[in-house]
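Novice: Need coordinates for the following:
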Amino acid sequence: MRVLLVGSGGREHTLAKLLLRSTREPRLYVASDYANPGLLREAMSSGGRLYTVNTADPQRVAKVAEEVSPDLIVVGPEEPQFAGVVDALRDRGYAVFGASSRCSLIERSK
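Specialist: Purely as a prediction, here's the structure:
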């Protein structure tokens, strides 16, 4: 199973560790704003890789998804959700865990 994790921080590092516990033995790919060493280590240990991209740019994240062909995409941070990354990925037919830009307005309005 191929999983693309979008994000760069501690939340995503925790998500990466939890995803890699799956009995489905996922191969983890990460789209990150920078080369977070913890995320890089988790991705490499599963046979995946880390892509350094602007995670709030729907087109750049979609390009990574096209290369990876993931079975699941997990978008951790709020900014990519606000920017429409989840919407762009769903429009391309990917299974995405994350809030649409419309639904993320609740978080943004706090």
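Novice: all contacts plus neighbour counts: C-alpha atoms, from now on.
Specialist: Noted.
Novice: quick one: contacts for Arg27?
Specialist: Counting by C-alpha atoms under 8 Å, 6 or more residues apart in numbering, Arg27 makes contact with Met1, Arg2, Val3, Leu20, Ala43, Ser46, Gly47, Gly48.
Novice: Taking these, tell me the two that lie furthest apart.
Specialist: Met1 and Ala43 (13.2 Å; C-alpha to C-alpha).
Novice: Please name the nearest non-neighbouring residue to Glu79.
Specialist: The shortest distance from Glu79 to any non-neighbouring residue, by C-alpha to C-alpha, 6 or more residues apart in numbering, is to Ala56 (6.0 Å).
Novice: That neighbour: neighbouring residues, count only.
Specialist: Ala56 has 21 neighbouring residues, counting by other C-alpha atoms under 10 Å.
Novice: One more: Glu25?
Specialist: Number of residues near Glu25 (other C-alpha under 10 Å) recorded here: 12.
Novice: now swap in the one 10 residues further on and tell me
Specialist: Around Ala35 there are 16 other residues, counting by other C-alpha under 10 Å.
Novice: now do Ser109
Specialist: When neighbours are counted by other C-alpha under 10 Å, Ser109 comes out with 6.
Novice: Kindly state the pLDDT recorded for it?
Specialist: pLDDT, Ser109: 72.
Novice: how far away is it from Cys103?
Specialist: Using C-alpha to C-alpha, to the nearest Å, Ser109 is found at 11 Å from Cys103.
Novice: and what of Glu79?
Specialist: As for Glu79, its distance to Cys103 is 13 Å (criterion: C-alpha to C-alpha).
Novice: Likewise for Val96?
Specialist: On the measure of C-alpha to C-alpha, Val96 and Cys103 end up 14 Å apart.
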